[in-house]
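1. Sequence and predicted structure are below.
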Amino acid sequence: MNDEQRLRDLLSEAVPEAPLNPARAAGARAYAQARRRRRIAIGAATAAVITVVVVPFALVDRGGDRAEPPTTSPEDPAWRWVAFRDVEVQAPAAWRFDYEAIRPDCIIPGEPDGPWTKDVPRAPYVTVGVPSRPVPLIGCFGGPATGGPDPAFGPLPFALWQPFVKLDEARPDLDYPDRKDGEWQYRGWRLTRTTVDQVQVTVLGSPEDPSVASRVFDSVRRVPITTVGCETGSPVQGRRFATPSGPSVPPAHLVGFVAVCEYSRNQGHAGLQGSRRISGKAARELVLAINNAPVGGGPDTPSHCVDDMFGDMAIALRFFSPGEEPDSPLAEAYVYYDWCFGNGIVDSAGKRRLTKANCAPLFTEPPISLWSGQRQVVEVCGPLGAQ
Amino acid sequence: MSEVAVTEQPVTCFDEFVASRAAALWRSAWLLTGDNQLAEDLVQTALGKSWPVWERVSANGSFEAYVRRVMYTTYVAWWRRRWNGERPTADLPEPPDLPGTTELRHDLVRALSTLPKGQRAAVVLRYFEDLSEQQTAEILGCSVGTVKSQTARGLAALRASSVLRLEEES
């Protein structure tokens, strides 16, 4: 018998019998229909975005400061993609993520270094979503109701303005001047707000760079997966504690980067709030810390919470090989940290405990931050080096 | 494909096709992936991609060949981009059904896993599905010459494998 026939015999002998119903016709049809809906939704959303963005600008004479339209796959290192929910825009790469002042209405014009100015950004920035920081509910006596030149600009005094790009929840129910769509100018600064479905995009451009708004709004798009590598909607948003399907967390040496994707739960589709990448050595250390963590989940303090609620926030981690496309992760894991039970890092192989090494690195930089949690969770997930 | 356009007859026949041929597709998928669950995923994905053209392709009787082509090309593209979760292990998850079968299956998975995806696909099509070089080339979307070289290299690698002794002991 030659080796080709021997191989045939071996293959036939060794292959196991198929399980009962290894595939389902209904599942195949559902898969095909979901692919088709996804293609249609992306195409329709693109058309809708063009309509929404172009019409407001047609009402304003913007002179000759219109930027060149961005490429569809821009590799311009001066620009990067940022996302909130299922809306993605380009922002200047040099503008770091930051948070807006908590109580700008308490800042007294002419006193730029007062007690309420310490959290005011001091450089151009990008801000995404509404940070869950505690806001002091106090009256600010002794200062004007607003330090801005116009209610549309908000109460931050003009002397403290910095250019920014902001992606936030659209709130058409709020009849506030600083939440309305439109365009305003003041001393060469240009403020533009446009709503794209459930997301409001706001750009404040300085006189030094009046074209930044054009570039940002020309780039607006709706996506199912962001450039960072996050799905804009995830099963982790579900009411209870989901388990991801597919392969479990891979060995560290296979991982080039990890997409950290934070979601607001109980919010329907496209609940992505913040996203960023952890790359290289830091990514491999994170993966190692996840795989080496104790099995079984936690830390939990179930007596501290009601048992029919499950928290407001959760994170999906998506693991990629080096240079991989954002829609092709090696595996996924879900991180639950926001409630009194169910905490831990879950993949298809099981659940692991939150530790300093596998949790704190997720929250070191905006737009993903840990603002609240049970004490035992904050101790391991809080800022590195802090207690 | 519009849901309205699908009549009762094609839907039923697709169901019958899946019911009758899914097991055979799964066995090939198992040889490609080395894992029960991944094999199910691969077959389901291939059927999902093929369903929209069921009416058109099945009219000339070649739907299974179409599904196989989708399955193999999906495998080659899929495994380029994903860690497939395989972990070498001494203990197989499924219980052995015959003495010696488990060890043989284990050795086979290990040996096949050492092959690049193109060689693995060619070997499975040629020696498990028993297709000709021409038929294999049509499924993989490459030339007959490529099939010849992929098969030859795959066979040589398996022949040299310490866990899969193809040559008869004299």
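-> Sure, I can see it.
2. Over to the one residue in the stretch 201-350 of chain A that gets nearest to chain B. Which of the three states is it?
-> Closest approach of the stretch 201-350 of chain A to chain B (CB to the nearest CB) occurs at A:Pro247, with a separation of 3.3 Å. Where C-beta positions appear, they are placed from N, C-alpha and C, glycine not excepted. When classified by DSSP: H, G, I helix; E, B strand; the rest coil, A:Pro247 comes out as coil.
3. ok, how many other residues are close to it?
-> 23 (other CB atoms under 10 Å in any protein chain shown).
4. There's contact between it and A:Ser348 in this structure, I believe.
-> Yes. Using CB atoms under 8 Å, A:Pro247 is in contact with A:Ser348, at 6.7 Å.
5. what do the two both touch?
-> Contact criterion CB atoms under 8 Å, 6 or more residues apart in numbering or on different chains; residues bridging A:Pro247 and A:Ser348 by contacting each: A:Ala331.
6. If I look at the nearest residue in space to B:Thr151 that is not next to it in sequence, what pLDDT would I see?
-> Nearest residue to B:Thr151, sequence neighbours excluded (CB to CB, 6 or more residues apart in numbering or on different chains): B:Ala122, at 4.8 Å. On pLDDT, B:Ala122 comes in at 92.
7. B:Leu32 now?
-> pLDDT, B:Leu32: 90.
8. just checking, it is part of a helix?
-> Yes. Secondary structure of B:Leu32 (three-state DSSP): part of a helix.
9. Can you name the residue of chain A nearest chain B?
-> Across chain A, no residue is closer to chain B than A:Tyr31, which sits at 2.9 Å (CB to the nearest CB).
10. Could you list the low-pLDDT ranges of the stretch 251-387 of chain A?
-> Scanning the stretch 251-387 of chain A for pLDDT under 70 picks out A:266-268, A:304-310, A:371-372, A:384-387.
11. Spell out which residues of it are next to chain B.
-> Residues of the stretch 251-387 of chain A lying close to chain B (CB under 8 Å from any CB of the partner chain) are A:254, A:319, A:321, A:324-325, A:328-331.
12. 10 Å instead, please
-> Residues of the stretch 251-387 of chain A lying close to chain B (CB under 10 Å from any CB of the partner chain) are A:251, A:254-255, A:319-321, A:324-325, A:327-331, A:348-349.
13. Report the two of the residues you listed separated the most.
-> Taking CB to CB as the measure, these span a maximum distance of 24.5 Å, between A:Glu325 and A:Ala349.
14. Of the two, give the one with the bigger neighbour count.
-> A:Ala349 (16 against 10).
15. Please identify the nearest residue in space to the more buried one, excluding sequence neighbours.
-> A:Ser248 is the one closest to A:Ala349 (CB to CB, 6+ apart), at 3.7 Å.
16. Please list the members of the residues of the stretch 251-387 of chain A next to chain B that lie in strands.
-> Among those, DSSP state E puts A:319-320, A:331 in strands.
17. Can you tell me the element the residue of chain A closest to chain B falls in?
-> Under the criterion of DSSP states H and E, A:Tyr31 resides in helix A:25-58.
18. Pairing partners for the helix or strand following that helix, with directions?
-> For helix A:25-58, the following helix or strand on the C-terminal side (DSSP H and E) is strand A:79-84. The pairing partners recorded for strand A:79-84 under DSSP bridges are strand A:87-92 (antiparallel).
19. Not counting residues beside it along the chain, what's closest to whichever residue of chain B sits closest to chain A?
-> Of all residues in chain B, the one sitting closest to chain A is B:Gly48 (2.9 Å; CB to the nearest CB). Excluding the flanking residues, the one nearest B:Gly48 by CB to CB, 6+ apart is A:Tyr31, at 2.9 Å.
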